[in-house]
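Colleague: have a look; sequence and predicted model below, questions after that.
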Amino acid sequence: MQRALLDRLKPLLALCLLAGLCACASQSGPSRQALADLLQDSAFRPASVPSANEIFAADAHMQRFLSEQVRPGIRHLGASRALIEGLRRGSGVRIDYDASETRSAADTLRQGAGNCLSLVLMTAALAKQLNLPVSYQEVSLSNAWSRNRDTYIRLGHVNITIGYRDLHGTARYVSDPAWTIDFLPATNRQQRVSTEITEARVLAMFLNNRAAELMQAGELDAAYWHARSAVLTDTAFLGALNTLGIIYHRHGQQAAAEQVFRSLVAQPGDQALALSNLVLVLDAQGKTEQARAAEAQLARLDTEKPFRDLLLGLAALEQGQYALALRHFERELRRDPDYHETHFGLAVAHYQLGNLAAAERHLRQAQGSAETSQDRIRYAAKLGRLHEQQAGG
């Protein structure tokens, strides 16, 4: 059972739920004509897709936040610092990290929560209202993956810089020097390599995330039109093309999905995502020989399988083999030290072995690295029950 579970290929997405895409970035990408040949508009019912203006729109709530929490501090702090302080300590405003949904700028401020991409969009929209320049950086996250049911998601990250960088280019440098704002949860912060990206790339990332979220919710028509828009917004952003191929696969259009993934395999750079998904759609069409050839090509890349030891650890837990589960979870932790499910698995294994202090430590780490508020609440409840048990013990 364990082997079958591990050998079964999952659809692989590259998203910015944490929130930028590293693995599928490209300098050029396919031509617009080549991309147009991959589209399947007639197969999907029309659905609305937000424009760039709508994604960055500042509504009445955002204007009120600026008037009450930011503008009063500009005279003493400068606009960029006043905005940062408003976001940090604004009365009645609480900004939380939550990777469950990618929201527009206004929705993020209104909800007080969002993934890193949503929070970057919100900050950019606020900065633009203050006439501050903004720039965006894509930050590499090696070996960062997440899971959503039957889909594995390769994660990336984006942060934002607001204010003026050039001492000689503008007098406003003195009052509004550049500040880089990073919304990555503190438990995940390490020294990372960052690359400046365009606003078009950020918009494509937003549309790609929304496409993936809609796809996971079963709304394939809306997912298609969001992925299509992402592909055309930034033709070098290959993550959106990967999402488009998975949508075709989910929609039963295996030949179209194959065409997309073969196009991706032909691009320079990391081919593991595209090859993994190509194997999936070749098998779905009964093209066994071609699937095995693509699988062999993937094996030669010697890429690390995400969640291999996590899945083995979970299987060991189910069988009551807690010491074995610990060994698998510890190996998975070496691959990605920040993934919340791994820490939770370690907490369960330690608890079953009577190591309550270690169980509590990993539960706290799971809570701190959780990607959604729902998971943080769940881990907090388990911590509470553990404390009750220890107090009654």
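Modeller: Yes, it's here. Numbering: from 1, shown residues only.
Colleague: which residues in the stretch 201-350 of the chain form helices?
Modeller: 220-233, 238-250, 254-265, 272-284, 288-300, 308-318, 322-335, 340-352 (DSSP state H, counting those that start in this stretch).
Colleague: which elements pack onto the third one?
Modeller: In other words, helix 254-265. Under the contact criterion of 3 or more Cβ pairs under 8 Å, 6 or more residues apart in numbering; DSSP states H and E, helix 254-265 touches helix 238-250, helix 272-284. For every residue, glycine as well, the C-beta is placed using N, CA and C.
Colleague: skipping adjacent residues, who's closest to R210 in space?
Modeller: Leaving aside its sequence neighbours, R210 sits nearest to H226 (Cβ to Cβ, 6 or more residues apart in numbering; 4.8 Å).
Colleague: for the one you found, give me the pLDDT.
Modeller: In the prediction, the pLDDT value recorded for H226 is 98.
Colleague: contact partners for it?
Modeller: A47, V49, L207, N208, R210, A211, L214 (Cβ atoms under 8 Å, 6 or more residues apart in numbering).
Colleague: ok, so of these, who is nearest I247?
Modeller: I247 lies nearest to A211 out of those, by Cβ to Cβ, at 7.0 Å.
Colleague: so the closest one touches G245, yeah?
Modeller: No: here A211 lies out of contact with G245, judged by Cβ atoms under 8 Å, at a distance of 11.4 Å.
Colleague: okay, and the common contacts of the two?
Modeller: By Cβ under 8 Å, 6+ apart, no residue touches both A211 and G245.
Colleague: burial count for R378?
Modeller: 16 (other Cβ atoms under 10 Å).
Colleague: any idea how far L363 is from it?
Modeller: 10 Å (Cβ to Cβ, to the nearest Å).
Colleague: thinking again about what came up before, could you tell me the least trusted of the helices and strands packed on helix 254-265?
Modeller: Looking at the helices and strands packed on helix 254-265, the bottom one is helix 272-284 with a mean of 90.
Colleague: tell me which residues in that helix are buried?
Modeller: A272, L273, A274, L275, S276, N277, L278, V279, L280, V281, L282, D283 (16 or more other Cβ atoms under 10 Å).
Colleague: redo these as TSV? Include distance to A296.
Modeller: Listed next are these as TSV, based on distance: Cβ to Cβ, whole Å:
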residue	distance to A296
A272	13
L273	17
A274	15
L275	10
S276	13
N277	16
L278	12
V279	10
L280	15
V281	17
L282	12
D283	14
